[in-house]
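Chemist: coords please:
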Amino acid sequence: MKKNSFLIRFIDIGLILLFGFVIISDITVRSQFVLPGHEDTLSETDETRNILLFVEINEPNEFKITEIGTDVMYDEIDGLTRLEELLLFIRQEKLAENAEITAVLHSREEATMQQLVDVIDICDRIGIPRSINIPS
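Modeler: Presented below is the predicted three-dimensional model:
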């Protein structure tokens, strides 16, 4: 009989603690994230397109840019200055077409981390949103 009463008390204490945690826990939603790419969230008047640019970082200061979806490929670019000029030109061209661009940065194994950081800085200066593609 004593074992059963101990088990019942243990269950009672466990339930009291459980209900106590449920009552004091904050279950309100503090923020809501709107994920890009959902057609439901776009208004019918918003006609801007989003274009992805795949920026491949190769050996010292060699870059290749490919427009994803249309497979428009720009010649291999030598130097950070030339890359910045080309990205600025592409951004202005796409803005004139009412399109936004996002850069997907892909660093090859032979490229240095400093090159990736330099390209990130260029994207930040120009105002191009970027994402880093990490090879598996």
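Chemist: output the contacting helices and strands for whatever helix or strand residue 103 lives in.
Modeler: When elements are assigned from DSSP states H and E, residue 103 belongs to strand 99-107. Using 3 or more C-beta pairs under 8 Å, 6 or more residues apart in numbering; DSSP states H and E, the elements in contact with strand 99-107 are strand 49-57, helix 80-96, helix 113-126, strand 130-133. C-beta: built from backbone N, CA, C; applies to glycine.
Chemist: from the ones you listed, which stretch is densest packed?
Modeler: Highest mean neighbour count among the helices and strands packed on strand 99-107 (mean count of other C-beta atoms under 10 Å): strand 49-57, with a mean of 18.
Chemist: neighbouring contacts of it?
Modeler: Contact with strand 49-57 is made by 36, 63-70, 83, 87, 90, 94, 97-108, 111, 115-116, 119, 128, 133, as judged by C-beta atoms under 8 Å, 6 or more residues apart in numbering.
Chemist: only whichever of those are buried, select them in ChimeraX.
Modeler: Written as a ChimeraX command, the selection of buried residues from those, which uses 16 or more other C-beta atoms under 10 Å, is:
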select :63,64,65,66,67,83,87,90,94,101,103,105,106,107,111,115,116,119,128
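Chemist: tell me what the nearest residue to residue 97 once chain neighbours are set aside is bridged to.
Modeler: Once flanking residues are discounted, residue 97 sits nearest to residue 49: 7.8 Å by C-beta to C-beta, 6 or more residues apart in numbering. Residues in a beta bridge with residue 49, per DSSP bridges, are residue 99.
Chemist: for residue 18, give me the pLDDT.
Modeler: Here the pLDDT value assigned to residue 18 is 92.
Chemist: how far away from the center of its chain is the helix or strand containing it?
Modeler: Assigned by DSSP H and E, residue 18 falls within helix 2-24. Here helix 2-24 is found 45 Å from its chain centre; the criterion is C-alpha atoms, centre = their mean, to the nearest Å.
Chemist: for that helix, list the C-alpha coordinates in PDB.
Modeler: The C-alpha coordinates for helix 2-24 follow below in PDB (Å, rounded to 0.1, in the frame of the first residue of the first chain):
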ATOM      1  CA  LYS A   2       2.800   2.300   0.800                       C
ATOM      2  CA  LYS A   3       4.300   1.900  -2.700                       C
ATOM      3  CA  ASN A   4       1.100   2.900  -4.400                       C
ATOM      4  CA  SER A   5       0.700   6.000  -2.400                       C
ATOM      5  CA  PHE A   6       4.300   7.100  -3.200                       C
ATOM      6  CA  LEU A   7       3.600   6.500  -6.900                       C
ATOM      7  CA  ILE A   8       0.400   8.600  -6.800                       C
ATOM      8  CA  ARG A   9       2.200  11.400  -4.900                       C
ATOM      9  CA  PHE A  10       5.000  11.300  -7.500                       C
ATOM     10  CA  ILE A  11       2.500  11.500 -10.400                       C
ATOM     11  CA  ASP A  12       0.600  14.400  -8.600                       C
ATOM     12  CA  ILE A  13       3.900  16.400  -8.100                       C
ATOM     13  CA  GLY A  14       4.800  15.700 -11.800                       C
ATOM     14  CA  LEU A  15       1.500  17.000 -13.000                       C
ATOM     15  CA  ILE A  16       1.600  20.000 -10.800                       C
ATOM     16  CA  LEU A  17       5.000  20.900 -12.200                       C
ATOM     17  CA  LEU A  18       3.900  20.300 -15.700                       C
ATOM     18  CA  PHE A  19       0.900  22.500 -15.400                       C
ATOM     19  CA  GLY A  20       3.000  25.200 -13.600                       C
ATOM     20  CA  PHE A  21       5.400  25.300 -16.500                       C
ATOM     21  CA  VAL A  22       2.600  25.400 -19.100                       C
ATOM     22  CA  ILE A  23       1.000  28.400 -17.200                       C
ATOM     23  CA  ILE A  24       4.200  30.400 -16.800                       C
END
